[in-house]
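S.K.: okay, sequence plus prediction incoming.
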Amino acid sequence: MVRGKFIVFEGVDHSGKTSQLDRAEAYLKEKAIPMIRLREPGGTTVGERIREILLDKKLTISPRAELMLFFASRFQLLEDVITPALNDGMVVLLDRYYYSTAAYQGPFIHGAEWVLNMAEEWLRLPEPDLVLYLDGRPEALASRTQGPGDRIEAKGLDYQRQVREAYQVMAAHRASIFRTINAEYAMDQVETVIRTFLDDILRAR
């Protein structure tokens with residue numbers, strides 16, 4: 001059995017990531033490619049419970065506790081779902097991975113690089129085959145906001161700029177797997193670019 005492909009979607013807030021995941025999922029299904037779509041935090045019973053806690057605006061969670069909650073959900077998902085699916089030859093589409101933790105929680109602990117070292121060197125989490133990163137200026141993407149947003153989205157534009165900067169550094173240092181896509185473009189344009197990257201990685205299956 002040929003191992004499947006592990007594809008991660010990352011993006012700053014309001015980058016259209018979820019909508020592009022919807023389109024990518026539909027595209028793979030049209031091509032009859034065995035696949036599974038998952039999200040972080042979540043994807044398992046334990047992970048979904050953790051997700052409710054992390055996104056609850058009524059809660060005040062310390063940065064280190066928040067970090068550990070994300071990794072707890074992540075390990076459960078890897079062990080229960082992602083690794084078995086890859087071993088069965090499926091394509092895994094994952095909505096966020098430890099890169100999000102580095103970008104969003106890193107500034108409040110020891111920096112994004114410290115979180116990345118934790119994930120890659122200490123915990124030895126598997127590296128994706130492809131990371132599709134949707135990038136854009138927070139002030140430009142903020143106009144897409146509908147509703148009050150969750151606890152993380154409510155932290156403001158300065159925080160979102162920090163998040164974007166962390167992502168850009170990660171993308172530059174991991175150029176072999178990261179593909180940066182301008183999320184300020186129209187959705188159809190973004191989808192076209194994503195399909196090109198998906199076709200490239202799928203040809204290697």
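M.R.: Here it is on my side, so go on. Numbering: from 1, shown residues only.
S.K.: any buried residues in the host helix or strand of Ser19, and which?
M.R.: Remark: Ser19 resides in helix 17-30, with elements defined by DSSP states H and E. Neighbour-count burial for helix 17-30, counted by 16 or more other Cβ atoms under 10 Å, picks out Lys17, Gln20, Leu21, Arg23, Ala24, Tyr27, Leu28. In short, each C-beta sits where N, CA and C put it, glycine included.
S.K.: list the contacts of the third one.
M.R.: The one in question is Leu21. Applying Cβ atoms under 8 Å, 6 or more residues apart in numbering to Leu21 gives the contacts Phe9, Arg37, Leu93, Asp95.
S.K.: which single one of the residues you listed is nearest to Leu198?
M.R.: Leu93 (9.4 Å; Cβ to Cβ).
S.K.: correct me, but that closest one touches Glu40?
M.R.: No - using Cβ atoms under 8 Å, Leu93 makes no contact with Glu40, being 11.7 Å away.
S.K.: where along the chain do the helices fall?
M.R.: With helices called from DSSP state H, the chain shows them at 17-30, 45-54, 63-77, 83-87, 98-105, 112-117, 138-141, 157-173, 187-202.
S.K.: for this structure, which residues score under the pLDDT cut-off?
M.R.: 144-155, 205 (pLDDT under 70).
S.K.: excluding chain neighbours, what is closest to the residue positioned nearest the centre of it?
M.R.: Central residue of the chain (Cα atoms, centre = their mean): Arg96, 1.6 Å from the mean position. Nearest residue to Arg96, sequence neighbours excluded (Cβ to Cβ, 6 or more residues apart in numbering): Glu40, at 4.3 Å.
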